[in-house]
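Trainee: I would like to see how this sequence folds:
(one chain, ligands or ions: 1)
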Amino acid sequence: MHFNGIAFNASGPRDTEPEELKALADSRACAITTKTATIKPRKGNPKPRYYDDGDNSVNSMGLPNPGYEEMARRIKALKHYSDKPVFASFSGSPREAAAITSAFDEAGADVLELNLSCPNLGKGKTEAESWLEGLGAVEEATKKSLAAKLPCFLNACEQELFCGVLEQSRVKYLVAVNSPGGGLMLNQKNEIALKPLHGGYGGKGIKALALGNVFRYHEYFGNKKKIIGVGGVFSGRDAFEHLLVGASLVEIGTAYQIHGTGIFTRVENELKTELEKHGFKSAGEAIGKAIQL
Ligand code: RRO
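Mentor: Numbering: from 1, shown residues only. The predicted structure is shown next:
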């Protein structure tokens, strides 16, 4: 699989409708992630369900999506239009996950991305056992590369428990991190910005947590897994920091929602300058090169 760059979109913002996927294909994004799909179509939560202040966001989308059968048709059309790698995100019980995996595999998706870390579902499945089951079902359903969209861990013990599960699986891409749940923002009118009150928190404020998670995965797995850093990437410097702690690719969520596809051009251009400034000949050379005091 070839990535013509290091930055692409995180699952969630502007990646459901055919015209949004086409815009990603036409952009500098080096791959395309599709919105997490479920077995049945979902309307999602009541609006307002997204809010940002230019730096940070909260969302309580509630997994709105057209269902996996329609998403498979959109992935197929996207693969006819573009040769960029497509990461097809999905969520569900092990049985549902297996059915969705087969459909997305057949539609031409390059990487099957299991999302069991949505902060806005009643039972946010962040237990290691549910991952074991889900990954097992997905592994049986496809021979293609697998990715896991991981929750934002706040402590090392819990993250290491998951590392044990991931070690037993053939997941190749660790996508870290999903939005930590329980965020709340107020708008300028002093209103709680989201109808469901709380939501997943994204943007500049989670960069430190994302870097912390990426660093631990890199310490644990070295080169055995590829880490995709997600959280607070607005600039080339942010992407560079993700590389330094161990990511080999980065995904952009809140900044893509706010700035549109131009963010990928900006991050790639600024990263080039940043790498040169610090004496790295390529992005690959910078991976895991953070200096420890
Ligand atoms: O749709 C959502 O509410 C959502 C999902 Br599936 C997710 O994985 N992460 C997020 O912040 N929102």
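Trainee: residues contacting the residue of the stretch 51-200 of the chain found nearest the ligand?
Mentor: Minimum separation of the stretch 51-200 of the chain from the ligand (C-beta to the nearest ligand atom) falls at residue 200, amounting to 3.0 Å. In this view, the C-beta of every residue, glycine as well, is placed from N, C-alpha and C. The contact partners of residue 200, by C-beta atoms under 8 Å, 6 or more residues apart in numbering, come to 58, 59, 60, 118, 119, 120, 178, 179, 180, 181, 183.
Trainee: repeat that for 7 Å
Mentor: 58, 59, 119, 120, 179, 180, 181, 183 (C-beta atoms under 7 Å, 6 or more residues apart in numbering).
Trainee: Okay, and the beta partners of it?
Mentor: Taking DSSP bridges as the rule, residue 200 bridges to residue 59.
Trainee: Compile the contacts of residue 200 into CSV and extend it with columns for secondary structure and pLDDT.
Mentor: Putting the contacts of residue 200 into CSV (DSSP: H, G, I helix; E, B strand; the rest coil; pLDDT from 0 to 100) gives the following:
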residue, secondary structure, pLDDT
58, strand, 98
59, strand, 98
119, coil, 90
120, coil, 89
179, coil, 98
180, coil, 97
181, coil, 96
183, strand, 98
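Trainee: all strands of the stretch 151-293 of the chain, in order?
Mentor: Secondary structure of the stretch 151-293 of the chain (DSSP state E, counting those that start in this stretch): strands at 173-176, 200-203, 226-230, 249-252.
Trainee: what does the stretch 101-250 of the chain have sitting close to the ligand?
Mentor: Listed as neighbours of the ligand in the stretch 101-250 of the chain under the rule C-beta under 6 Å from any ligand atom: 115, 118, 119, 120, 178, 179, 200.
Trainee: which among the residues you listed end up buried?
Mentor: Buried by 16 or more other C-beta atoms under 10 Å: 115, 118, 119, 120, 178, 179, 200, out of those.
Trainee: Show me the shaky parts of the stretch 51-200 of the chain.
Mentor: For the stretch 51-200 of the chain, applying pLDDT under 70 flags the ranges 122-126.
Trainee: show me where the stretch 51-200 of the chain has helices.
Mentor: 68-81, 94-107, 128-141, 156-168 (DSSP state H, counting those that start in this stretch).
Trainee: need those in JSON lines with mean neighbour count, can you?
Mentor: Compiled in JSON lines, those are given as follows (neighbours: other C-beta atoms under 10 Å):
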{"stretch": "helix 68-81", "mean neighbour count": "19"}
{"stretch": "helix 94-107", "mean neighbour count": "20"}
{"stretch": "helix 128-141", "mean neighbour count": "18"}
{"stretch": "helix 156-168", "mean neighbour count": "15"}
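Trainee: between the ones you listed, which one is nearest to residue 26?
Mentor: With C-beta to C-beta as the criterion, residue 26 lies closest to helix 68-81 of the helices of the stretch 51-200 of the chain, at 9.1 Å.
Trainee: which helices and strands sit right next to that closest one?
Mentor: Packing partners of helix 68-81 (3 or more C-beta pairs under 7 Å, 6 or more residues apart in numbering; DSSP states H and E): helix 18-25, strand 32-37, strand 86-90, helix 94-107.
Trainee: Recalculate using a threshold of 6 Å.
Mentor: In terms of contacts (3 or more C-beta pairs under 6 Å, 6 or more residues apart in numbering; DSSP states H and E), helix 68-81 is packed against helix 18-25, helix 94-107.
Trainee: rewinding a little: which one of the strands of the stretch 151-293 of the chain lies nearest to residue 132?
Mentor: Within the strands of the stretch 151-293 of the chain, the stretch nearest residue 132 is strand 173-176; the backing value is 15.5 Å (C-beta to C-beta).
Trainee: Name every strand pairing with that closest one and say which way it goes.
Mentor: strand 145-150 (parallel), strand 226-230 (parallel).
Trainee: what's the angle from the longest one to helix 128-141?
Mentor: Read it as strand 145-150. Orientation check (axes from the mean of the first three to the mean of the last three C-alpha atoms, to 10 degrees): strand 145-150 against helix 128-141 gives 160 degrees.
Trainee: got the contact list for strand 145-150?
Mentor: 111, 112, 113, 114, 115, 117, 171, 172, 173, 175, 176, 178 (C-beta atoms under 6 Å, 6 or more residues apart in numbering).
Trainee: Correct me if wrong: the second one contacts residue 100.
Mentor: No - Residue 112 lies out of contact with residue 100 (C-beta atoms under 6 Å); the separation is 8.4 Å.
Trainee: now residue 39, what's its secondary structure?
Mentor: With DSSP: H, G, I helix; E, B strand; the rest coil as the basis, residue 39 sits in coil.
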